[in-house]
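Trainee: any chance you could fold what I've pasted below:
(2 chains)
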There are 2 protein chains.
Amino acid sequence: MDRAQEVVEKILGGEVRAAARLMRNLDDGLPGAREVLKLLYPHSGRAHVLGLTGSPGVGKSTLTDRLIQRLREEGRTVGVVAVDPTSPFSGGAILGDRIRMQRHALDEGVFIRSLATRGHFGGLTASARAVITVFDAMGKDYILVETVGVGQDEVEIAATADTTVVITVPGLGDDIQAIKAGILEVADILVVNKADREGASRTYQDLLQMLELQNIRKNQSWKPKVFLIQAKENQGIDELLAGVREHQDYLAGDLAGDQGLNAVRYQRARQEFLELLKEGVFRGLMERLSENGRLEEILQEILAKRIDPYSASEELIAETLGK
Amino acid sequence: MDRAQEVVEKILGGEVRAAARLMRNLDDGLPGAREVLKLLYPHSGRAHVLGLTGSPGVGKSTLTDRLIQRLREEGRTVGVVAVDPTSPFSGGAILGDRIRMQRHALDEGVFIRSLATRGHFGGLTASARAVITVFDAMGKDYILVETVGVGQDEVEIAATADTTVVITVPGLGDDIQAIKAGILEVADILVVNKADREGASRTYQDLLQMLELQNIRKNQSWKPKVFLIQAKENQGIDELLAGVREHQDYLAGDLAGDQGLNAVRYQRARQEFLELLKEGVFRGLMERLSENGRLEEILQEILAKRIDPYSASEELIAETLGK
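Mentor: This is a model prediction of the structure:
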């Protein structure tokens, strides 16, 4: 058995250390790591991927923490991908939060991986997908993907989860902003966290009303649910998880039709493939242009205003794609 | 005089309506608009571009508003690019904020353009750069670029401004997070807004200390300045603007050497060109793959697990770039 196959067997067997090493090697751009990932791919597709997104400060990490706890109590294994620079899972938060999260650190059934930067692997989406594939191949039951709902990449990653949960809090003016940023449109489930705050029921009602309008427009068979919770106080977590399962059953059932699990997986595969393609073509082209000095030449022409960047890029693109 | 040249003349003359129409047409992907942009490019490079970035809630928009006001009082013309889904300039905020901003709406010397989505033009960076080029060609003295310091694209846009201002507030735990996200490293000027809040002087001291460490490491001749301000109460704005001018003088002077205006402009041209190239190559490739049915074929192979997305993208990239 060759080296790559050996690593694959270990990861399929759920070995945390082998998986952690692979993820580091992927980040460092080791070619061997990519070969392992290729071999793992056919073994993915069994986990339920749960996306959690919302603005900074809405309590995504606390909610993630509560969901891990509840799923572990049920004996489910959990993988967590934190694509959120403000998440304590990414190590970027104040000490108190970090300590709170560490209680899962000794639990073998929980695996947390943070993606703070794009790394060597390629785009953010591709990096997140790679981690999801590894978790999935390891046999994790649930994969929680926490992203900050501000950047477009981050929203897209959460949007291609099996179930996408959008989190807000009362009084952020966020309910309105969410629509602007296109976040509401990707929500299968909406959560109003910090429900003890003033204006919680108003936010709840506003969201219901918006969903009503959206539903008419889209004619979807899944009607997004809205939950009022207090993650910190552990209130509403069971109800939320029941909602996640309802959506999980919906995706697997006949009712979903074109919007079921196959459609979600199709979108995810499409997104992943296209990002790999985009990053890879660009990187290959960049390397060539750097090596032969062409990039430097073009930049000097642009700076001297002898050519504009639009014409310069158009010429190069036509040349590369052979018209 | 042909149509494109006519539009160019109007924009060079500072005509707001012609410029606004061009920006809309660029968003809609009209090919004629791109031709106008090409003709405007040689006339850009005179404005001072000021990047303003920070997490949501730190008061970027209020500060932008104050800076516009002060610059206008001095008789300077101002262009504003808001690449921030949470900015009232993008129309995404609560009504009160929006009304507050509208006082500039009737001032011909202020032109505000928001970029909420990527639009048809290409990437976010390319869209922002296009707007900057138009403002610059119009003869605006200052171009303020407001971005939310969370997504990587947004940070990069602010980082290639002539002067980059990073805004934080006390007690966000943000000072620490800022480093994580790489925001601090791009700051020419740091602002602690809401300086009446508890912990302001602590945040100020922390930032000074971090800059000290950073300076030793980087051996830069520009030492980033830190300002304590209260944008809402109009306190500290004059001092901040003086700091911006000091940096502006620094860039133009001999002291800057390799880190002067030419270096900033080089980085900006490089970033713009590469994003145009990346988006353009990808788009061209996508069109071809969609037209000939190849994309659909590959996706079905991936979904059936007959190939993994990594191998599939590698094959296609090798084919496109001719090895």
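Trainee: would you map the helices across the stretch 51-200 of chain A?
Mentor: A:60-73, A:95-101, A:124-138, A:152-159, A:174-180, A:200-218 (DSSP state H, counting those that start in this stretch).
Trainee: how about the nearest residue to A:Leu321, chain neighbours excluded?
Mentor: Closest residue in space to A:Leu321, ignoring its immediate chain neighbours: B:Gly284 at 4.8 Å, by C-beta to C-beta, 6 or more residues apart in numbering or on different chains. Every residue, glycine included, has its C-beta placed from N, CA and C.
Trainee: quick check: which element contains the one you found?
Mentor: In this assignment (DSSP states H and E), B:Gly284 forms part of helix B:261-291.
Trainee: can you tell me the average pLDDT over that helix?
Mentor: Mean per-residue pLDDT for helix B:261-291: 91.
Trainee: can you give me the buried ones in it?
Mentor: Buried residues in helix B:261-291, counted by 16 or more other C-beta atoms under 10 Å in any protein chain shown: B:261, B:264-266, B:268-282, B:284-285, B:289.
Trainee: show me where pLDDT drops low in the stretch 51-200 of chain A?
Mentor: Within the stretch 51-200 of chain A, the ranges that satisfy pLDDT under 70 run A:84-106, A:116-123, A:149-152, A:172-183.
Trainee: neighbours around the closest residue to A:Leu255 other than its chain neighbours, how many?
Mentor: Counting by C-beta to C-beta, 6+ apart, A:Leu255 lies nearest to A:Ser221, which is 5.5 Å off, once chain neighbours are set aside. Neighbours of A:Ser221 under the rule other C-beta atoms under 10 Å in any protein chain shown: 14.
Trainee: give me the distance between A:Ser221 and A:Leu241.
Mentor: As judged by C-beta to C-beta, to the nearest Å, A:Ser221 and A:Leu241 stand 22 Å apart.
Trainee: tell me which of the helices of the stretch 51-200 of chain A sits nearest to chain B.
Mentor: Counting by C-beta to the nearest C-beta, chain B lies closest to helix A:174-180 out of the helices of the stretch 51-200 of chain A; the figure is 4.1 Å.
Trainee: what sits against A:Asn25?
Mentor: Listed by C-beta atoms under 8 Å, 6 or more residues apart in numbering or on different chains, the contact set of A:Asn25 reads A:Gly32, A:Ala33.
Trainee: gap between it and A:Gln235?
Mentor: From A:Asn25 to A:Gln235 the distance is 41 Å (C-beta to C-beta).
Trainee: for A:Val81, same thing?
Mentor: For A:Val81, the distance to A:Gln235 (C-beta to C-beta) stands at 26 Å.
Trainee: more neighbours, the two?
Mentor: Remark: of A:Val81 and A:Gln235, A:Val81 carries more neighbours, 27 against 15, as counted by other C-beta under 10 Å.
Trainee: contacting residues for that one?
Mentor: Neighbouring residues of A:Val81 by C-beta under 8 Å, 6+ apart: A:Arg113, A:Ser114, A:Leu115, A:Ala128, A:Val131, A:Ile132, A:Phe135, A:Ile143, A:Leu144, A:Val145, A:Glu146.
Trainee: again, only this time at 7 Å
Mentor: Counting by C-beta atoms under 7 Å, 6 or more residues apart in numbering or on different chains, A:Val81 touches A:Arg113, A:Leu115, A:Ala128, A:Val131, A:Ile132, A:Ile143, A:Val145.
Trainee: which two in these are spaced the farthest apart?
Mentor: A:Leu115 and A:Ile143 (13.3 Å; C-beta to C-beta).
Trainee: near chain B, which residues of the stretch 201-323 of chain A are found?
Mentor: For the stretch 201-323 of chain A, the contact set with chain B under C-beta under 7 Å from any C-beta of the partner chain comprises A:265-266, A:269-270, A:272-273, A:276-278, A:280-282, A:284-285, A:298-299, A:302-303, A:305, A:308-314, A:316-317, A:320-321.
Trainee: let's see it at 8 Å
Mentor: Counting by C-beta under 8 Å from any C-beta of the partner chain, the residues of the stretch 201-323 of chain A lying close to chain B are A:262, A:265-266, A:269-270, A:272-274, A:276-278, A:280-282, A:284-286, A:288, A:298-299, A:302-303, A:305, A:308-314, A:316-317, A:320-321.
Trainee: count of neighbours near the spatially closest residue to A:Glu239 that is not a sequence neighbour?
Mentor: Nearest non-adjacent residue to A:Glu239, counting by C-beta to C-beta, 6+ apart: A:Phe227, 5.9 Å away. Per other C-beta under 10 Å, the neighbour tally for A:Phe227 reads 21.
Trainee: sec struct for A:Phe227, please.
Mentor: Per DSSP: H, G, I helix; E, B strand; the rest coil, the secondary structure class of A:Phe227 is strand.
Trainee: check contacts around it.
Mentor: Shown in contact with A:Phe227 (C-beta under 8 Å, 6+ apart): A:Ile189, A:Leu190, A:Val191, A:Val192, A:Gly236, A:Glu239, A:Leu240, A:Gly243.
Trainee: and with 10 Å instead?
Mentor: Neighbouring residues of A:Phe227 by C-beta atoms under 10 Å, 6 or more residues apart in numbering or on different chains: A:165, A:167, A:189-193, A:195, A:204, A:236-237, A:239-244.
Trainee: equivalent analysis for A:Ala187, please.
Mentor: If a contact means C-beta under 10 Å, 6+ apart, then A:Ala187 has A:51, A:53-54, A:149, A:158-159, A:163-168, A:178, A:207, A:211, A:214, A:224-226 as its contacts.
Trainee: could you check how far it is from B:Gly75?
Mentor: Distance, A:Ala187 to B:Gly75, using C-beta to C-beta: 48 Å.
Trainee: dump the residue contacts of the residue of chain A positioned farthest from its centre.
Mentor: Distance from the C-alpha centroid of chain A, by C-alpha atoms, centre = their mean, peaks at A:Arg306 (42.7 Å). Counting by C-beta under 10 Å, 6+ apart, A:Arg306 touches A:Gln300, A:Ala312, B:Pro42.
Trainee: relative to A:Leu124, which of those is nearest.
Mentor: Closest to A:Leu124, out of all of these and judged by C-beta to C-beta, is A:Ala312, at 27.2 Å.
Trainee: how is that closest one classified with respect to secondary structure?
Mentor: With three-state DSSP as the basis, A:Ala312 sits in helix.
Trainee: relative to B:Glu156, how far out is the residue lying closest to it once chain neighbours are set aside?
Mentor: Nearest residue to A:Ala312, sequence neighbours excluded (C-beta to C-beta, 6+ apart): A:Ile298, at 5.2 Å. Between A:Ile298 and B:Glu156 the computed distance is 20 Å (C-beta to C-beta).
Trainee: thought A:Arg197 was touching A:Tyr204?
Mentor: No. A:Arg197 is beyond contact range of A:Tyr204, at 11.5 Å (criterion: C-beta atoms under 10 Å).
Trainee: and for the two, which residues touch both?
Mentor: Counting by C-beta under 10 Å, 6+ apart, the contacts common to A:Arg197 and A:Tyr204 are A:Pro170.
Trainee: out of those two, which sits in the busier spot?
Mentor: The neighbour comparison of A:Arg197 against A:Tyr204 (other C-beta under 10 Å) goes to A:Tyr204, with 19 against 14.
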